[in-house]
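J.: Next comes the sequence, and after it the predicted model I'd like to discuss.
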Amino acid sequence: MSHELRTPLHAILGFTDLIKRDSTTSPSQLENLDIISHSGEHLLALINDVLEMSKIEAGQVTFNEESVDLHQLLKDIAEMMRIRAKHKGLQFILEHEPTLEHFITTDAGKLRQILINFIGNAIKFTEDGGVSLVRSVL
């Protein structure tokens, strides 16, 4: 099942990257292609999460410990969440606390999914104004 889901997604991401390299691609098209790329990468992470859930159900959970650039992870998530918030007429703010660790050791996929679910729910249940993620609370 993993192969059937990932192969077409890798093709989409690959062709998106090729089009981004084309010198005739306009700035607005590049922006749209960036959204496609980020969304595709998120979808790939979700596919991995679904596969991970099946491992949990089978009693084969793994913790993939790695060094993670927390600042970059949060920036990537913020870009995706700003799009969701904007579609709902909300503002999304990522507040930067300079004392936050730059690199941490964790399971990046699991942390990403927790934050996306958390922020996604905050956006879903916020009627007006905005949602903020304060880096210092992590």
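T.: Thanks, I have it.
J.: which residues sit against stretch 13-22?
T.: With Cβ atoms under 8 Å, 6 or more residues apart in numbering as the test, stretch 13-22 has contacts from Thr25, Gln29, Leu30, Leu33, Asp34, Ile36, Ser37, Gly40, Glu41, Leu44. Quick note: C-beta positions are derived from backbone N, CA and C, even for glycine.
J.: in that stretch, what counts as buried?
T.: Applying a neighbour-count criterion of 16 or more other Cβ atoms under 10 Å, one finds Leu13, Thr16 buried in stretch 13-22.
J.: got the CA positions of it in PDB?
T.: Only the C-alpha atoms of stretch 13-22 are listed here, as PDB (Å, rounded to 0.1, in the frame of the first residue of the first chain):
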ATOM      1  CA  LEU A  13       6.600  16.600  -6.200                       C
ATOM      2  CA  GLY A  14       9.200  15.900  -8.900                       C
ATOM      3  CA  PHE A  15       7.300  17.600 -11.700                       C
ATOM      4  CA  THR A  16       6.500  20.500  -9.400                       C
ATOM      5  CA  ASP A  17      10.300  20.900  -8.800                       C
ATOM      6  CA  LEU A  18      11.000  20.700 -12.600                       C
ATOM      7  CA  ILE A  19       8.500  23.400 -13.300                       C
ATOM      8  CA  LYS A  20       9.900  25.600 -10.600                       C
ATOM      9  CA  ARG A  21      13.300  25.500 -12.300                       C
ATOM     10  CA  ASP A  22      11.800  26.600 -15.600                       C
END
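J.: Tell me the gap between that stretch and the middle of its chain.
T.: Averaging C-alpha positions (Cα atoms, centre = their mean, to the nearest Å) puts stretch 13-22 19 Å from its chain's average.
J.: Residue ranges of each domain in this protein, please.
T.: Annotated domains of the chain cover 1-62, 64-138 [automatic domain parsing].
J.: okay, those domains in TSV with mean pLDDT next?
T.: Listed next are the domains of the chain as TSV, based on pLDDT from 0 to 100:
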stretch	mean pLDDT
domain 1-62	86
domain 64-138	87
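J.: residues contacting Ile123?
T.: Met81, Arg84, Ala85, Lys88, Leu90, Phe92, Val131.
J.: same thing with Glu65?
T.: So Glu65 contacts Thr105, Thr106, Asp107 (Cβ under 8 Å, 6+ apart).
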